[in-house]
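compute the structure for the input listed below.
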Amino acid sequence: MAIQLIKFSLLVLGVIASFISVVSATAGTATLNTIYVPSACFGYEDQGVMTAAASDALWDNGAACGRMYSVSCTGPTNQGVPQPCTGSQVTVKIVDFCPPPGCQGTLDLTQEAFSQIADPAAGKITIEYNQ
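Now for the predicted structure:
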């Protein structure tokens with residue numbers, strides 16, 4: 001009886017553990033840009049408007065192409081600027097490369113994606129993101 005109780009307890013704990021997911025978001029910055037056509041990943045293929053360019057930190061020699069990232073705004077990048085965040089989250093697809101020195105953020109979001117999570121007037125924000 002005790003062995004069956006232990007097996008049952010382990011089964012219940014396993015089921016509960018499978019529903020609990022510890023997600024650790026990565027901190028970064030996001031900048032505002034336009035739709036990427038042609039893009040480094042997909043050329044002239046339309047990938048929609050919820051897209052982004054990856055900085056060196058994420059590019060991975062082009063392996064980032066097609067990866068999806070969930071992005072949320074955490075605040076402004078400049079002191080004294082009002083809170084730009086909308087409280088929303090957006091999922092973007094990596095379609096391009098944002099090389100230095102021009103790239104000023106971890107992710108360079110299209111206007112449509114940026115405006116889902118922040119006021120476009122901010123131009124650059126702090127973010128948390130997960131693949």
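
how about the strands in the protein?
Assigned by DSSP state E, the strands in the chain fall at 26-33, 51-54, 68-76, 89-97, 107-110, 124-130.

partner strands of the second one, parallel or antiparallel?
The one in question is strand 51-54. The strands beside strand 51-54 in its sheet (DSSP bridges) come out as strand 89-97 (parallel), strand 107-110 (antiparallel).

cool, and the last one?
Based on DSSP bridges, the strands next to strand 124-130 in the sheet, each with its direction, are strand 26-33 (antiparallel), strand 68-76 (antiparallel).

per-residue confidence for the residue lying closest to residue 27 once chain neighbours are set aside?
The shortest distance from residue 27 to any non-neighbouring residue, by Cβ to Cβ, 6 or more residues apart in numbering, is to residue 128 (5.8 Å). Placement of C-beta: from N, CA and C, glycine included. With respect to pLDDT, residue 128 has a value of 98.

contacts only, for residue 128.
25-28, 71-72, 74 (Cβ atoms under 8 Å, 6 or more residues apart in numbering).

which of these are buried?
28, 71-72, 74 (16 or more other Cβ atoms under 10 Å).

make TSV out of these and add distance to residue 107 and pLDDT.
What follows is the buried ones among the contacts of residue 128, written out as TSV (distance: Cβ to Cβ, whole Å; pLDDT from 0 to 100):
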residue	distance to residue 107	pLDDT
28	7	95
71	6	98
72	12	98
74	13	97
